[in-house]
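**Student:** Build me a structure from this.
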Amino acid sequence: MPSPLISKLERGAYLNDEDRARLEKVVRHPRRVGARENLIHEGEAPSNVHLVLDGLACRYKVLANGRRQIIAFLIPGDFCDFHVAILGAMDHGIATLTPCTMVSIPAETILELTTYYPRISRAFWWSTLVDEAILREWLVNMGQRPADRQMAHALCELLVRFQTVGRATADSFGFPITQEEFGDALGLSVVHTNRSLQYLRQEGLITLAGGVMTVLDVDRLREFAGFKANYLHLTLLSNDGPGMAD
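**Tutor:** This next block holds a predicted model:
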């Protein structure tokens, strides 16, 4: 089974055998990290890029009053801090939400991959653009969708993203986080998060048991949320491009 990194990147660009072999070498020495551990704090300037191979992590900001806003969920195949070598100090923090398997990739390796492997470079570029598209959709969610539809939309997104890297069935995925953590991502209080979860349950749309989120009717949940997966850009339009063909 290919690594989740390859499964993800092959949605953004055609990779040949040499590309895949090089990426497999990059993820050869993973490490385990416990749940709810900080990987990077805001203001730090790490020399390595972190990649999630298993588990769930997040990007977050902490306000002066101590409240936290989760600004991205990081799933298997996601880079946590891809551009830190260019931007320098972190403007947000990275933490695990569940036990994770991570890989630390030296910035020099990232530079090598983007310089000498044009297909991988294109896939990295695609991945970064998709991260931006997801953030735009989250802004629309928090600004315009009611809490229950916002939650439904986030669950639809996660189902598709986990499916892309082989970590979900047709209707379920692991989601062992607290309501407080989910609320931190949605900008909701624990009480409001609980109410929204209960509403989706009562409507026969989802169940959450044993850390597994099951969507009982995927089409209905998508319709309820107004979810369209186009912003995830999972359809590869072309297998080549400038410098991409074998």
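
**Student:** Which segments of this structure make up each domain?
**Tutor:** 4-116, 137-231 (automatic domain parsing).

**Student:** which one of the ones you listed lies closest to L129?
**Tutor:** domain 4-116 (8.5 Å; Cβ to Cβ). To be clear about C-beta, it is placed using only N, CA and C from the backbone, and glycine gets the same treatment.

**Student:** Now do the contacts for the residue nearest the centre of the chain.
**Tutor:** In the chain, the C-alpha nearest the mean C-alpha coordinate belongs to L74, at 3.3 Å (Cα atoms, centre = their mean). Going by Cβ atoms under 8 Å, 6 or more residues apart in numbering, L74 touches 52, 56-59, 80, 94.

**Student:** picking up where we left off before, would you format the domains of the chain as a markdown table with mean pLDDT included?
**Tutor:** What follows is these, written out as a markdown table (pLDDT from 0 to 100):
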| stretch | mean pLDDT |
| --- | --- |
| domain 4-116 | 93 |
| domain 137-231 | 97 |
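
**Student:** Minimum distance to W126: which of those has it?
**Tutor:** Among the domains of the chain, domain 4-116 sits nearest to W126 (Cβ to Cβ), with 2.9 Å.

**Student:** Make TSV out of the contacts of L74 and add neighbour count.
**Tutor:** What follows is the contacts of L74, written out as TSV (neighbours: other Cβ atoms under 10 Å):
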residue	neighbour count
V52	27
L56	25
A57	25
C58	22
R59	22
C80	25
I94	25
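
**Student:** Counting neighbours, what do you get for R136?
**Tutor:** For R136, the neighbour count with other Cβ atoms under 10 Å is 11.

**Student:** Could I get the contacting residues of it?
**Tutor:** Neighbour list for R136: Y231 [criterion: Cβ under 8 Å, 6+ apart].

**Student:** how about 7 Å then?
**Tutor:** By Cβ atoms under 7 Å, 6 or more residues apart in numbering, the contact list for R136 is empty.

**Student:** before we move on, what about S189?
**Tutor:** So S189 contacts G183 (Cβ under 7 Å, 6+ apart).

**Student:** how near is it to Y60?
**Tutor:** From S189 across to Y60, the span is 17 Å (Cβ to Cβ, to the nearest Å).

**Student:** same question, A209
**Tutor:** 26 Å.

**Student:** and I177, what does it touch?
**Tutor:** So I177 contacts 56, 97-98 (Cβ under 7 Å, 6+ apart).

**Student:** out of the residues you listed, which one sits closest to F175?
**Tutor:** Looking across these and measuring by Cβ to Cβ, the closest to F175 is L56, at 7.7 Å.
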